[in-house]
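# The following block contains a protein sequence and its predicted model.
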Amino acid sequence: MWRKIPLTKADIDLKTLLTCGQSFTWKETSPNIWSNVIGNVVFSLSQSENALLWCTPCRDQNEIKNISQLPSITRNYSHARNDNDEILGEHSSSLSLGANHIHNRITNSNDSHSHKDNGDTVIISKCPFSESDSHSKSPVSLKSETLTDPGNNISALPKAKESHNRCRKRQDKSDLLTNFKRKTTKMTALSNDLDSEPDYDNAKKLKTESEPPGHYYCAEDDKIYEQKLVDYFQLGVNLSALYKQWSSADKHFQLISDRFPGIRIMRQDPTENLFAFICSSNNHVSRISGMVNKLSQKYGTKLGTVDGTDLYSFPTADKLTGSKVESHLRELGFGYRAKYIVGTAKVLHKERPEGFLNSLRDRPYEECITELTKFLGVGRKVADCVALMSLDKSQVVPVDTHVLQIAIRDYSIPGVTKNTRSLTPALHNKIGKYFIDLYGDHAGWAHTVLFAADLKRFSDHKPVSKKTQSAPKKKQKPAKSAK
DNA sequence: AAGTGACCTGG
DNA sequence: CAGGTCACT
């Protein structure tokens, strides 16, 4: 079952966005369909002319695994009657929901590794959204529809399995609270409910009196997952308006923008993003992707399989603190970054409070950089990437060799010429400030468009006149030892 | 404050 | 040489 969010290429260009070096974990699980884990949920995405298409193909597996794995979290909500047994019991029951033709058969909770076309057969014939979110002021319409066929533009769609929401899992709730609490994100009535810790069982009773339970839960459930996407892709930000602003401020951007619409900043998980960009140092995008995937594969949790591709959660920091992790990562080809990863994981897990990285979202940019660069293997550039892509610092322009080359080639910045040798902190600041002055408070977003355009320039037209410019690097910073 | 080399690996 | 960082000069 696919749903769609009405969006154009100007709002989001899915394929380019997912492959332009922001996130390293999206996989094309079948032609034109991209899958990844967002907040412990497996999502599959696709795009048609006028909509972003999405589904959650592994949701059944997720719920079962999460609930059986996280009893301690369930315990936190003691007011919500009982715990695992009852929830699982509800899962295990076969539901027949009358007019909705929902048939749901859950098999064993521990065999999700093996079954490809498993017993979680769920058919939902109809599952309309409520219209209650029409108050949203998001510049893009978020009115959604469900569909059984995403449209003619898509080929070879996977047979998506779907379930209605049999129960709210507590683990998911806490996750949602984090997301919904963003100041910049318009909250729906539902999220407000979640914020105030509702009694789900009671809510269920109330609702079942007025509506078919299948309808209600399915619609609510879809909204929650859709909201994850709205948050992840920051769909509340009007990209077209920004493109116009940047174009009027910068002729060069104007030239680029027509060929590269729909490039926005994804709001990624800080932990995953931090480790991913630690891997990025002095490295190719293809190898970065491989390394991030290995971290998930070897130290994360398998959440499901989409068209033969296994998908894993990114490991929590504590999973990367073991005594043998560094040597293992070396064997896996991480090189000197193995030490950085373990060092960072240890500090994060043992010397920082729970949710530390997420808490930086509410701190000013300078403080974010100060804190992030305390981690081993994290310099200014990596810290900037995390700040921009995970900590809501939309103005940050991460200056790397690529951006330096763009600055030299396409812009006139005093002191930045083809003779520029090293990317010193002072130069970093100067270039960053130049783009912030040029583009405004979403300068980091604009920079990503330039960056994506440059990547494409190199991948599309192979033989680029690569003037063998002496690639400048090097920089320095206060000492930071592994301890 | 700015400059150097080393650091892992593989496309 | 690749979307750097670290330790020293």
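Received, thanks. Worth saying up front: this structure is predicted, and the values here are computed from it rather than measured.

# Let me see the contact set for whichever residue of chain A sits closest to DNA strand C.
At 1.8 Å from DNA strand C, A:Gly21 is the closest residue in chain A, using CB to the nearest atom of the strand. Quick note: C-beta positions are derived from backbone N, CA and C, even for glycine. A:Gly21 makes contacts with A:285, A:451-452, A:455, as judged by CB atoms under 8 Å, 6 or more residues apart in numbering.

# The same query, at a cut-off of 7 Å, please.
Going by CB atoms under 7 Å, 6 or more residues apart in numbering, A:Gly21 touches A:285, A:451, A:455.

# before we move on, what SS does it have?
coil (DSSP: H, G, I helix; E, B strand; the rest coil).

# What parts of the stretch 251-400 of chain A come near DNA strand B?
Within the stretch 251-400 of chain A, the positions adjacent to DNA strand B are A:282-284, A:286-287, A:330, A:333-337, A:339 by CB under 7 Å from any atom of the strand.

# Count the residues that sit near A:Ala241.
Using other CB atoms under 10 Å, A:Ala241 is surrounded by 11 other residues.

# Spell out the residue ranges of the strands in chain A.
Along chain A, counting by DSSP state E, strands occupy A:2-6, A:27-30, A:33-38, A:41-47, A:51-55, A:95-96, A:103-104, A:122-123, A:145-147, A:302-306, A:309-312.

# Out of the ones you listed, flag the one nearest A:Tyr225.
Nearest of the strands of chain A to A:Tyr225, taken as CB to CB: strand A:41-47 at 6.7 Å.

# Between strand A:33-38 and the closest one, find me the angle.
Strand A:41-47 and strand A:33-38 meet at an angle of 150 degrees, taking axes from the mean of the first three to the mean of the last three CA atoms, to 10 degrees as the criterion.

# Given strand A:41-47, what are its sheet partners and their directions?
Strands adjacent to strand A:41-47 in the sheet, as given by DSSP bridges, are strand A:33-38 (antiparallel), strand A:51-55 (antiparallel).

# Let me see the mean pLDDT of the longest one.
Going back to what we said before, that points to strand A:33-38. Mean pLDDT, strand A:33-38: 98.

# I would like the residues contacting that strand, please.
Contacts to strand A:33-38, defined as CB under 7 Å, 6+ apart, come from residues A:14, A:18, A:25-29, A:42-46, A:157-158, A:228, A:232, A:303, A:306, A:309, A:311, A:313.

# Could you tell me the angle between it and strand A:302-306?
Going by the same axes, to 10 degrees, strand A:33-38 is angled at 170 degrees with respect to strand A:302-306.

# Ok, the shortest one next?
Between the axis of strand A:51-55 and that of strand A:302-306 there is an angle of 120 degrees, by the same axes, to 10 degrees.

# between the contacts of A:Gly21, which has the most around it?
Neighbour max across these (other CB under 10 Å) = A:Phe451, 21 neighbours.

# Let me know whether it touches A:His402 as I believe.
Yes: in terms of CB atoms under 7 Å, A:Phe451 counts as a neighbour of A:His402; the distance is 6.3 Å.

# Tell me where the stretch 151-300 of chain A has helices.
Assigned by DSSP state H, counting those that start in this stretch, the helices in the stretch 151-300 of chain A fall at A:170-180, A:189-195, A:200-210, A:213-232, A:239-249, A:251-257, A:270-279, A:285-299.

# Give the full set of residues in contact with the nearest residue to A:Lys346 once chain neighbours are set aside.
Nearest non-adjacent residue to A:Lys346, counting by CB to CB, 6 or more residues apart in numbering: A:Thr321, 5.0 Å away. Contact analysis of A:Thr321 by CB under 7 Å, 6+ apart lists A:342, A:345-346, A:349.

# Go through those residues and name the one nearest A:Thr8.
Closest approach to A:Thr8 among those (CB to CB): A:Ala345, at 40.7 Å.

# Tell me, how many residues neighbour A:Lys319?
Look at A:Lys319: counted by other CB under 10 Å, it has 16 neighbours.

# Give me the neighbour count for the residue nearest to it when sequence neighbours are not counted.
Take A:Lys319 and drop its neighbours on the chain: the residue closest to it by CB to CB, 6+ apart is A:Tyr299, 4.5 Å away. A:Tyr299 has 21 neighbours, counted by other CB under 10 Å.

# Could you do A:Thr271 as well?
Counted with other CB under 10 Å, the neighbours of A:Thr271 add up to 22.

# now do A:Ser257
20.

# was I right about it contacting A:Gln245?
No: in this structure A:Ser257 lies outside contact range of A:Gln245 using CB under 7 Å: 10.8 Å.
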